[in-house]
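1. Generate coordinates for the sequence data below:
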Amino acid sequence: MTDSGLIPLGSSELYFETSGSGPPVLFIHAGVADSRMWDRQFDALRGFHLIRFDMRGFGRSTLGSEPFTNHHDVLAVLDHLGVDRAVLVGCSIGAGTALRVADEEPGRVAGLVLVGANAPGFDPGIDYQSPEWPEALEAFDRGDLARVAQLDAEMWLAGMDRSTSDLDTDQVGLFVEMDLIALANETERDELDAAEPLDRLPPLDVPVLVVVGDRDLPQLVAAADHLAATLSDRPVTTIRDSAHLPSIDKPDEFNEALLTFLRAR
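-> This next block holds a predicted model:
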């Protein structure tokens, strides 16, 4: 059974959902998605207290008008639910947010799962740009968010050497629906986001799993290798034929890796 609600934070409200019982696991979505990117995890994982939420300006959460930081909002969600400590599963900017929580409040973090993550302070020596990127910038500038979402799906959901025509149409439809909400709030959200980026990896004393799709950007594949070598006693889990959001397009493989990590704890 899934419970949901809204957490008031100033002029914003954060939408959250919880399911199950057991050790807490909190999911933090990517910047081109919202908490629905974890649908297949909420459907499949058993034996854990699963938590997910929409960051401000994503999904069903409102943006509000005051400055904020995503990592403090994660702590607000945990506090609201009475959770002292949780495994944080973050994708992309969600992974960066999880690292910020671990840096500022290490006692609240029982483990980290970093998916499609950048590695603060690491230079991969790669500056690959997706061929869709220039057109996406132009479309955003002229306000054609529908076109941006289509191009984002090619870059982030399909990835390298693959097209959205190769993917399940429901997966692509979900991505576009989530991304359109994120894009509509992007400019104002960036103005209100008061977080300072990490410039180095935090010292960690918790289990870490690093996951990356083999069709993700080459610099993120390199960053995954660095994160695993620096933070984890486990090698990178590479999801084959997946890009930036393996929880969506390869949920069975992603869930197997996640469950193996969680149960090993």
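
2. which regions of the stretch 51-200 of the chain lie under the pLDDT threshold?
-> Applying pLDDT under 70 to the stretch 51-200 of the chain flags no residue at all.

3. What ranges does it have for its helices?
-> 70-80, 93-104, 133-141, 145-152, 169-192 (DSSP state H, counting those that start in this stretch).

4. after the last one, next one along is what?
-> Looking back up the chat, that one is helix 169-192. strand 208-213 (DSSP states H and E).

5. pLDDT averaged over the helix or strand that that following strand is followed by, what's the number?
-> Once the chain leaves strand 208-213, the next helix or strand it forms, by DSSP H and E, is helix 218-231. Averaged across helix 218-231, the pLDDT comes to 97.

6. in helix 218-231, what counts as buried?
-> Within helix 218-231, the residues scored as buried using 16 or more other C-beta atoms under 10 Å are Gln219, Leu220, Val221, Ala222, Ala223, Ala224, Asp225, His226, Leu227, Ala228, Leu231. C-beta: built from backbone N, CA, C; applies to glycine.

7. so what's the nearest residue to the fourth one once chain neighbours are set aside up against?
-> In this case it means Ala222. Using C-beta to C-beta, 6 or more residues apart in numbering and skipping the chain neighbours, the partner closest in space to Ala222 is Pro124 (3.7 Å). Applying C-beta atoms under 8 Å, 6 or more residues apart in numbering to Pro124 gives the contacts Pro218, Gln219, Ala222, Ala223, His226.

8. If we use 7 Å, what do you get?
-> Gln219, Ala222, Ala223 (C-beta atoms under 7 Å, 6 or more residues apart in numbering).

9. nearest to Glu154, of those?
-> Ranked by distance to Glu154 (C-beta to C-beta), the contacts of Pro124 are led by Gln219 at 17.7 Å.

10. So what's the predicted local confidence for Thr2?
-> So, for Thr2, pLDDT stands at 82.

11. what's the burial count for it?
-> 11 (other C-beta atoms under 10 Å).

12. a markdown table please, covering the helices of the stretch 51-200 of the chain and showing distance to Gln41 and mean neighbour count.
-> Shown next, in a markdown table, are the helices of the stretch 51-200 of the chain (distance: least, C-beta to C-beta, whole Å; neighbours: other C-beta atoms under 10 Å):
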| stretch | distance to Gln41 | mean neighbour count |
| --- | --- | --- |
| helix 70-80 | 17 | 19 |
| helix 93-104 | 13 | 23 |
| helix 133-141 | 28 | 15 |
| helix 145-152 | 22 | 21 |
| helix 169-192 | 14 | 16 |
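
13. Could you dump the ones you listed into JSON lines and include distance to Arg46?
-> Formatted as JSON lines, the helices of the stretch 51-200 of the chain follow (distance: least, C-beta to C-beta, whole Å):
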{"stretch": "helix 70-80", "distance to Arg46": "21"}
{"stretch": "helix 93-104", "distance to Arg46": "23"}
{"stretch": "helix 133-141", "distance to Arg46": "39"}
{"stretch": "helix 145-152", "distance to Arg46": "32"}
{"stretch": "helix 169-192", "distance to Arg46": "23"}
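
14. Quick one, which of those gets closest to Arg40.
-> In terms of C-beta to C-beta, the element of the helices of the stretch 51-200 of the chain nearest to Arg40 is helix 169-192, at 9.9 Å.

15. now for that closest one, which elements pack on it?
-> Packing contacts for helix 169-192, counted by 3 or more C-beta pairs under 7 Å, 6 or more residues apart in numbering; DSSP states H and E, involve helix 145-152, helix 246-249.

16. so that helix versus helix 145-152, what angle?
-> Interaxial angle of helix 169-192 relative to helix 145-152 (axes from the mean of the first three to the mean of the last three C-alpha atoms, to 10 degrees): 110 degrees.

17. Could you tell me the angle between helix 169-192 and helix 133-141?
-> Using the same axes, to 10 degrees: helix 169-192 against helix 133-141 is 70 degrees.

18. and helix 169-192, how far out from the chain's middle?
-> 13 Å (C-alpha atoms, centre = their mean, to the nearest Å).
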